[in-house]
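> Sequence below, structure please.
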Amino acid sequence: MKNGHTTRQKAPAGRYALLDELRGLDLVSMMLYHACWDMMFLFGIWMDWYIGWPGRLWQQSICWVFILLSGFCVPLGHRTLKRGAQVFAAGALVTVVTLVFMPEDRVVFGVLTFLGSAMLLTGVLEPLLKKIPPAAGLAVSAVLFALTYHLDERWLGFGGLRLALPDAWYANYFTAFFGFLPFDFYSTDYFALLPWLFLFWAGYFLHGVVGRARMEPLRRSVCPALGWMGRHSLLLYLLHQPVIYGVLSAAAVLFA
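Below is the predicted model:
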């Protein structure tokens, strides 16, 4: 407290604190969602709402915010390719660990694999993406995301406008990476390149629409703890499931 007024903590130099804190808040939401998943499918605590539309809406809110925010933050960094390689490697690690230790709950083409791929593609294509007017890029990305959102259901379009896609396109794990998953494909966490790359790019172009001048208020911190989580989101993502499983296992023993 200074001069009778509450002072807000500033972010580390060069950072937009509220973006870190929004990422941290979304991370907390994701951890709670995964805790519910563990309770449902690993500990047998059934929750009808979780497999219904409330659970679906919760899950979609988490991934939409995280992917949009990841795309939005790309222009703020200068090591997109390096960061993309790191995130992709973390996704590969998750896949290997789950295939070896829990194949029935394996993660193939999970969110980290997607985000790493999106960062690598954006880093390579950025010279071209920068030539696109931000408003046009945002509009086109949003439309393409809507058109391809149901790609895993084997059709393009939205509402009553639907174009069925050939079954031959949904052939194997290679096509599944791009969004054309075969019937025998299984993963507990699946984010294909399509449609999610378009949401990532919508965030990228949204940054240009907003502009740096209007982002200055985002440097003020509201909750430093969430900011810390946002800045360490990759590490926390890798650690959160083992920690949650350990806590739930201990609780199951204590209250058995």
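> what comes up buried for the longest helix along the chain?
Secondary structure of the chain per DSSP state H: the longest helix is helix 17-41. By neighbour count on 16 or more other C-beta atoms under 10 Å, the buried set for helix 17-41 is 17-27, 29-31, 33-39. Where C-beta positions appear, they are placed from N, C-alpha and C, glycine not excepted.
> Stretch 173-183 now?
In terms of neighbour count (16+ other C-beta under 10 Å), stretch 173-183 has its buried residues at 175-177, 179-181.
> where along the chain do the strands fall?
Here the chain has its strands, by DSSP state E, at 155-158, 161-164.
> what's the most buried one of these?
With neighbours taken as mean count of other C-beta atoms under 10 Å, the strands of the chain reach their highest mean count in strand 155-158, at a mean of 15.
> Now do that one: which elements does it pack against?
helix 134-148, strand 161-164 (3 or more C-beta pairs under 8 Å, 6 or more residues apart in numbering; DSSP states H and E).
> can you list those in CSV and add mean pLDDT and distance to Q60?
Converted to CSV, the helices and strands packed on strand 155-158 look like this (pLDDT from 0 to 100; distance: least, C-beta to C-beta, whole Å):
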stretch, mean pLDDT, distance to Q60
helix 134-148, 97, 12
strand 161-164, 92, 20
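> could these go into CSV alongside distance to V111?
Formatted as CSV, these follow (distance: least, C-beta to C-beta, whole Å):
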stretch, distance to V111
helix 134-148, 16
strand 161-164, 27
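> Quick one: list the elements packing against the longest helix of the chain.
Using 3+ C-beta pairs under 8 Å, 6+ apart, the elements in contact with helix 17-41 are helix 48-51, helix 53-73, helix 224-231, helix 233-254.
> Check what pLDDT R8 gets.
R8 carries a pLDDT value of 43.
> Give me the spatial nearest neighbour of F185, chain neighbours excluded.
Excluding its sequence neighbours, the residue lying closest to F185 (C-beta to C-beta, 6 or more residues apart in numbering) is A176, at 5.0 Å.
> isn't that neighbour right next to F183, touching?
No. Counting by C-beta atoms under 8 Å, F183 is not a contact partner of A176; they are 10.7 Å apart.
> Can you give me the neighbour number for V94?
When neighbours are counted by other C-beta atoms under 10 Å, V94 registers 21.
> circling back to that earlier point, how about the strands of the chain in CSV, adding distance to S233?
Below are the strands of the chain laid out as CSV (distance: least, C-beta to C-beta, whole Å):
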stretch, distance to S233
strand 155-158, 31
strand 161-164, 36
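> To W201, which of those strands lies closest?
Closest to W201 of these, according to C-beta to C-beta: strand 155-158, at 17.7 Å.
> The closest one: partners in the sheet, and parallel or antiparallel?
Strands adjacent to strand 155-158 in the sheet, as given by DSSP bridges, are strand 161-164 (antiparallel).
> Check which residues of stretch 134-150 are buried.
Judged by neighbour count using 16+ other C-beta under 10 Å, the buried positions of stretch 134-150 are 134, 137-138, 141-142, 144-149.
> No further questions, thank you.
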